[in-house]
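S.K.: Give me a model of this one.
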Amino acid sequence: MDHNKTGRRLASGVRARAAALAALLGVVSFATGARAQSEDGFDKEPDDALAADKQASDEQAQGDKTPGEKDEKVAPAPEEAADNAPLEREGKTYRFLGARFRNVIVPKFMINFFADGGSTVNVFTAGPEFVTRRDGLEIDLAISYADYSMDPFLFKGKQDDNFAWEMVSSDLKLLYLTADILFVEIPLDKEKGRFSVQFGAGVGLGVVFGNLYRAQAYPNDPSNLSPDDVGAWSKCSGPSGGFCDASNNHFGDYDEPSWVNGGSKPNVFPWISFPQVSFRYKPIKQLQTRLDTGFSITGFYFGLSAGYGL
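M.R.: Got it, this is the predicted structure:
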């Protein structure tokens, strides 16, 4: 019986130790799980968890930027239209390279200031042009080819009698080197700088080449001496008296010599114009156009020029 009691005490002690060991393992496991949950945020308050999530989201969106970069705003790119604005700044030089075309009108009444006869002539000129501008002062340098070809017309000196009429024609050409100086400019839209009116003058020199033909002429009908009807006249083929006298050798297709050869055909001819009035239109920074009109020693002129900014 004592043996049985001893066995029961041993069994009870084993069970007690096993129970104590199980309880200890349970406590350790609970504590370990509690720490893991605390570290993962499961035991945090709801507001703290939401704040942490928002901070993590903001940091992810911010990337690697420093705090100072978070509030930095990117400046908007300048508008392309501003680069093409036609308004010119004070103190800055603007240059353009382009071309010009002009029609010089030599009116008959101007010829009649110095001689009788003649006819109105249109002289077309064209060529390259270089423009430089600064603070409203514009200088236009040009090389122009001018065609002074003329159909036959009657011509004589103011003091000569009717027997001195000659039939004149030409295929003369000139190469002009000119400079127009537009020293007054009146803006028509100061804010945008597109339209303006300019005033100035021009000077230059032309080299003459080609032929000037002149010959004594007689009327087909002696009762019709109208110098405006060139078809009613004929060239003298040689001296025969009357209208075809021996005062000179201007007969047939006589070609007038140049100054250097003792004749009256000029080798050079000046270009002087005053005033010149121009209407300038500059739609964009890189382009300007100009309508020109004025008065020169050979007559009135009007024309157009256009240049691209350099």
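S.K.: any low-confidence regions in the stretch 101-250 of the chain?
M.R.: Judged by pLDDT under 70, the stretch 101-250 of the chain has no weakly predicted residues.
S.K.: That one: helices as residue ranges?
M.R.: For the stretch 101-250 of the chain, applying DSSP state H, counting those that start in this stretch gives helices covering 108-111.
S.K.: Leu154 contacts Trp165, doesn't it?
M.R.: Yes - assessed by C-beta atoms under 8 Å, Leu154 is found in contact with Trp165 at 5.2 Å. Using the backbone N, CA and C atoms, a C-beta is placed for each residue, glycine as well.
S.K.: which residues do those two both contact?
M.R.: Gly117, Ala217, Pro227, Trp233 (C-beta atoms under 8 Å, 6 or more residues apart in numbering).
S.K.: Please name the nearest non-neighbouring residue to the last one.
M.R.: Sequence neighbours aside, Ala217 is the residue nearest to Trp233 in space, at 4.5 Å (criterion: C-beta to C-beta, 6 or more residues apart in numbering).
S.K.: The one you found and Pro107: what is the separation?
M.R.: 23 Å (C-beta to C-beta, to the nearest Å).
S.K.: what's the answer for Glu90, then?
M.R.: Counting by C-beta to C-beta, the gap from Glu90 to Pro107 is 42 Å.
S.K.: The two: which has the busier surroundings?
M.R.: Pro107 (14 against 7; other C-beta atoms under 10 Å).
S.K.: quick one: that one and Tyr301 touch, right?
M.R.: No - taking C-beta under 8 Å as the definition, Pro107 is not a contact partner of Tyr301, at 11.4 Å.
S.K.: quick one: buried residues of stretch 98-109?
M.R.: Gly98, Arg100, Phe101, Arg102, Val104, Val106 (16 or more other C-beta atoms under 10 Å).
S.K.: Closest one of those to Ala126?
M.R.: Phe101 (4.8 Å; C-beta to C-beta).
S.K.: Spit out the contact partners of Glu138.
M.R.: Contacts for Glu138 (C-beta under 8 Å, 6+ apart) come out as Val131, Thr132, Asp180, Ile181, Leu182, Glu185, Gln198, Gly200.
S.K.: Tell me how many other residues surround the fourth one.
M.R.: Read it as Ile181. So Ile181, with other C-beta under 10 Å, has 13 neighbours.
S.K.: repeat for the second one
M.R.: With neighbours defined by other C-beta under 10 Å, the count for Thr132 comes to 14.
S.K.: of all the shared contacts of Leu154 and Trp165, which comes closest to Asp245?
M.R.: Using C-beta to C-beta, the shared contacts of Leu154 and Trp165 come closest to Asp245 at Ala217, 11.8 Å.
S.K.: Go ahead and confirm that closest one touches Leu154.
M.R.: Yes - proximity of Ala217 to Leu154 meets the contact threshold set by C-beta under 8 Å, at 6.5 Å.
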